[in-house]
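Visitor: return atomic coordinates for the entry below.
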Amino acid sequence: MPLFKIKENKATKLDAVKPDGLKNIKEKDIQKLFEDNLEVILNIYFLASEYSTSFGGRIDTLGIDKTGSPVIIEYKRNQNDNIINQGLSYLRWLLDHKEKFERLVESKSSDVHSPAMMLYWQAQAGIGKFIDWNSSRVICIAESYNRFDLDTVEMLPIKIELLRYKLYEDNILQIETETQSKVKISTSKITKERKKETLQRDYYIEDHLKAANKAIKELYLDLREKIKGLDETIAEEPKGHYIAYKLTTNFVDIIIQRNSLKISLNMPSGKLNDPYNLARDLTKPKPVGHLGNGDYEVKLSKKEDLEKAFELIKQSYNYNK
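Guide: Residues are numbered from 1 along each chain as shown. Reported below is the predicted structural model:
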């Protein structure tokens, strides 16, 4: 999708520039660009770069998201790189060496100002799981993918997130989601000895709805329809503790409770326009540990507040798209 710069009501198309066409940017700089801005771009906390495995490979970027899910990121630097298989191999290794990852996160927690420290203390306070091994993620980042990449991801029994980036003049970076689809097939040939443990666990909308009374179920289904109607590219992803709605990253997370919906808006403090005074700023007067992404939380229990809550959700959608 082309980008345009508007000046005095006149549109000028921005030219896409390949990394090797820029004097000061090399292929390795793309990885550093993401790592230096990982939380801003992908809502993921950075843990390590070029992390060594016991079989000689190196994980390009290792992180943890705000729900405690381990994240492996691999970058495709040319057409022949098989980063999808690499990512799967690293994921399997990580699941066999959980204690190494746990020690890494613990070592990062020594910095009281680090995001990992906040996760650590949330875990000590009993707020959710510290590391959610059932929802480990593999993200691949490339300028483009070939047909073999897309077919491979379509046939895998787990979800691989494919992201495309494009650099433009004026130092503009564009990120788009290639695919987040998942097809369930037999995993017996892929994980022969892993009979009791799978690489990722499946969660379902129905699991979350069990907690709600009839009115809240109907309220959620109405809200769900509105959210999915915003954009056909929105991915709905049931997690262990909430249901996420995402483009490149989550823009809203919903926890279904018996008598209400707890809605997390992925926007930083001070960015939300809330004329209804419906949202709670979780950073004030001091940060509050919580499940879900972002600094704002909305508690929805009445149908008459549905449209108001949806207006706030649309702000988060526009902020994150």
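Visitor: from now on I want contacts and neighbour counts done on CA atoms only, so please keep to that.
Guide: Fine.
Visitor: okay, buried residues for stretch 258-267 please.
Guide: Going by neighbour count (16 or more other C-alpha atoms under 10 Å), the buried part of stretch 258-267 is 258-267.
Visitor: meant to ask about stretch 49-60, not that
Guide: Residues of stretch 49-60 classed as buried: 49, 58-60 (neighbour count, 16+ other C-alpha under 10 Å).
Visitor: touching it from outside, list them.
Guide: Stretch 49-60 is contacted from outside by 31, 35, 61-62, 72-75, 90, 93, using C-alpha atoms under 8 Å, 6 or more residues apart in numbering.
Visitor: picking that back up, for the buried residues of stretch 49-60, which one is nearest Leu272?
Guide: Ser49 (33.4 Å; C-alpha to C-alpha).
Visitor: which residues in the stretch 201-321 of the chain form strands?
Guide: With strands called from DSSP state E, counting those that start in this stretch, the stretch 201-321 of the chain shows them at 235-238, 243-246, 250-256, 261-265, 279-281, 296-300.
Visitor: which of those sits most buried?
Guide: Highest mean neighbour count among the strands of the stretch 201-321 of the chain (mean count of other C-alpha atoms under 10 Å): strand 250-256, with a mean of 26.
Visitor: spatially central residue in the protein, please.
Guide: What sits nearest the mean C-alpha location of the chain, by C-alpha atoms, centre = their mean, is Thr249, with 4.4 Å.
Visitor: could you measure from that residue over to Leu265?
Guide: 12 Å (C-alpha to C-alpha, to the nearest Å).
Visitor: Lys159 now?
Guide: 24 Å.
Visitor: repeat for Leu47
Guide: 24 Å.
Visitor: just Asn146 next, same as before
Guide: Shown here: Asn146 relative to Leu265, a distance of 34 Å by C-alpha to C-alpha.
Visitor: one step back: can you redo the buried residues of stretch 258-267 as JSON lines with distance to Leu291?
Guide: Rendered in JSON lines, the data for the buried residues of stretch 258-267 read as follows (distance: C-alpha to C-alpha, whole Å):
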{"residue": "Arg258", "distance to Leu291": "17"}
{"residue": "Asn259", "distance to Leu291": "18"}
{"residue": "Ser260", "distance to Leu291": "15"}
{"residue": "Leu261", "distance to Leu291": "13"}
{"residue": "Lys262", "distance to Leu291": "10"}
{"residue": "Ile263", "distance to Leu291": "10"}
{"residue": "Ser264", "distance to Leu291": "8"}
{"residue": "Leu265", "distance to Leu291": "11"}
{"residue": "Asn266", "distance to Leu291": "12"}
{"residue": "Met267", "distance to Leu291": "14"}
